[in-house]
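[1] coordinates only, sequence not included:
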């Protein structure tokens, strides 16, 4: 403990004195000396509570000097000065945190003398970037000499020093006079207590060291991101895309936790508050992690019903957290997201272990990655709960764990690629003989075919697949092509649009103007549909009678609606003429767009479009009825 030089003299004077006794009588002089000695020792002990600034060479931890009080009625300095001494208590030893949602808390420490021989300016350092409100008061001779009001709810420019954590200069204190420092912290998140006094030089060194460490961390993430992005471009494996998304979410979350986001991206606490950024980045990291795990480990292919249900539940719940992050209380949300995060990591470890048991080759490294991350998360939470003693790495434990986890996952990806390459090589080897035999057989068949047979087959194919009146595909050919398009959309996770089209009042046109005019209407309808859709990948067919169907692969909702409206307007703006008869025919269209996931549900998509078609008719015809289906 630091003390002044005059205190050291007092300590040296506090030595045992020889007490001369004559029989049972003790002289009054000796008793007076003992009384003075006791008084001086008590004074020494009392002065031990103060900080001697002149003795600070670089940095002094304030853990044993700072007292706290959670006196709820105290908001101003005068209130704090009026707090009874019995309400002040020491900080807990070996702890980094006073807990979450601790409420407004006052802290104070005493300074014996400022000292006139201090070589470097001194600062009070609160080394945690996420306090909402901080009020600091420097008191000397019972007079307020300086004050500071800052916190991440007051904007970054309110900080006395431009740094990601909080530094408060003590230069306003006069030399050779005792002083007191009071500061009040109000934050709904964790109330961490890394309080210290630092010189300006040591503060710059600390900031440089932390910046160097963060630079190394984000540099590692950037290198891994670029490497895996290159592999994504080469392999076109969607698992790499989800991995990159997860890696980006981890980087954003760590930048937010380290205070860099508030310092450089949203310093004004305006449209985006720092609390919301912390909550949203935490939820995004967990949501992207669950999506990545499901895709990387091939959950729905390699695991049982329990794992699939649990994974789906966790996936939906994680993204509900993302959607709900702006609307939940910050402190409650942190509790929920921390619990969910722990569950997600444990679930990832469980999935990896089960995959290892099922002999999924790349599951071993996958399980190791989540196990390492779980250790660091447990370490972080145990420090916050004061179960483990506080360490210098406490603030950066999650960053170190995430870097190791992402590195192990990159290695697991390499193992996965090697495994799938070996499978492809074995499959190619087995198929080679079959392919040679098939080639020989096909060559023999080609030689046996004649040009006339080929031409006949071609004409037969056209006749068997085309509607003779409209020139569109017939119902039989449509069923074949639609099923192929639906299965391909399932494989590629691509959207599929279905348009069911019906000519309005066609029976009336046919009955009033004759079957010849009705046939002309159908011919013109086929031509208008082909011209309006104008897409080589589209499937256009006569579905039956005056009803038509169009399939648009890879068309999203906006594209499909534009096509449907364009088609409706084409009919509405076209006049059909036959001798003296001139009529405009309109159509009703039922449109549905879906990203198929169930290979057996292709008929349901048609039924949905057909239902919407009848909705359009009931609503007055000559319109497009559209309800967007769920897109997974």
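    Thanks, I have it. Not measured: the values here are computed from a predicted model. Residues are numbered from 1 along each chain as shown.

[2] mind giving me the packing neighbours of the helix ranked longest in the chain?
    The longest helix of the chain (DSSP state H) is helix 397-448. On a contact count with 3 or more Cβ pairs under 8 Å, 6 or more residues apart in numbering; DSSP states H and E, helix 397-448 meets helix 200-235, helix 238-257, helix 274-296, helix 363-384. The way it works is simple: take the backbone N, C-alpha and C, and place the C-beta from them, glycine included.

[3] centre of the chain to it, how far?
    In terms of Cα atoms, centre = their mean, to the nearest Å, the centre of helix 397-448 is set 32 Å apart from its chain centre.

[4] what angle separates that helix from helix 238-257?
    160 degrees (axes from the mean of the first three to the mean of the last three Cα atoms, to 10 degrees).

[5] so how far is residue 354 from residue 363?
    8 Å (Cβ to Cβ, to the nearest Å).

[6] these two - which one has more neighbours?
    When neighbours are counted by other Cβ atoms under 10 Å, residue 363 and residue 354 differ, and residue 363 comes out ahead with 23 against 18.

[7] what about the stretch 51-200 of the chain, any weak spots by pLDDT?
    Residues of the stretch 51-200 of the chain that meet the criterion pLDDT under 70 lie in 71-74, 94-96, 99-102, 113-120.

[8] so what pLDDT did residue 450 get?
    Listed pLDDT for residue 450 reads 65.

[9] before we move on, back to that, between the helices and strands packed on helix 397-448, which one is closest to residue 562.
    Closest approach to residue 562 among the helices and strands packed on helix 397-448 is made by helix 238-257 (27.2 Å; Cβ to Cβ).

[10] next, the angle from the closest one to helix 200-235.
    170 degrees.

[11] which strands and helices sit next to the very next helix or strand once past helix 238-257?
    On the C-terminal side of helix 238-257, the closest following helix or strand by DSSP states H and E is helix 260-264. Judged by 3+ Cβ pairs under 8 Å, 6+ apart, helix 260-264 is in contact with helix 238-257, helix 274-296.

[12] again, only using 10 Å
    Judged by 3 or more Cβ pairs under 10 Å, 6 or more residues apart in numbering; DSSP states H and E, helix 260-264 is in contact with helix 200-235, helix 238-257, helix 274-296.

[13] so can I have JSON lines of those helices showing mean neighbour count and distance to residue 135?
    Output for the helices and strands packed on helix 260-264, formatted as JSON lines (neighbours: other Cβ atoms under 10 Å; distance: least, Cβ to Cβ, whole Å):
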{"stretch": "helix 200-235", "mean neighbour count": "14", "distance to residue 135": "21"}
{"stretch": "helix 238-257", "mean neighbour count": "20", "distance to residue 135": "24"}
{"stretch": "helix 274-296", "mean neighbour count": "23", "distance to residue 135": "18"}
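
[14] with distance to residue 541 added, can I get those in TSV?
    Formatted as TSV, these follow (distance: least, Cβ to Cβ, whole Å):
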stretch	distance to residue 541
helix 200-235	36
helix 238-257	31
helix 274-296	35
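
[15] the ones you listed: which one's closest to residue 561?
    The minimum distance between residue 561 and these falls on helix 238-257, with 26.6 Å, by Cβ to Cβ.

[16] shared neighbours of residue 363 and residue 354, which are they?
    297, 302 (Cβ atoms under 10 Å, 6 or more residues apart in numbering).

[17] if we can go back for a sec, now do the longest helix of the chain and helix 274-296, the angle between them.
    Going by the same axes, to 10 degrees, helix 397-448 makes 40 degrees with helix 274-296.

[18] residue 89 and residue 67 touch, don't they?
    Yes: between residue 89 and residue 67 there is a contact under Cβ atoms under 10 Å: 6.3 Å.

[19] so for the two, which sits in the more crowded spot?
    Under the criterion of other Cβ under 10 Å, the comparison of residue 89 against residue 67 puts residue 67 first, with 16 against 10.

[20] didn't the more buried one look like it was pressed against residue 80?
    No: using Cβ under 10 Å, residue 67 is not in contact with residue 80; the gap is 11.2 Å.
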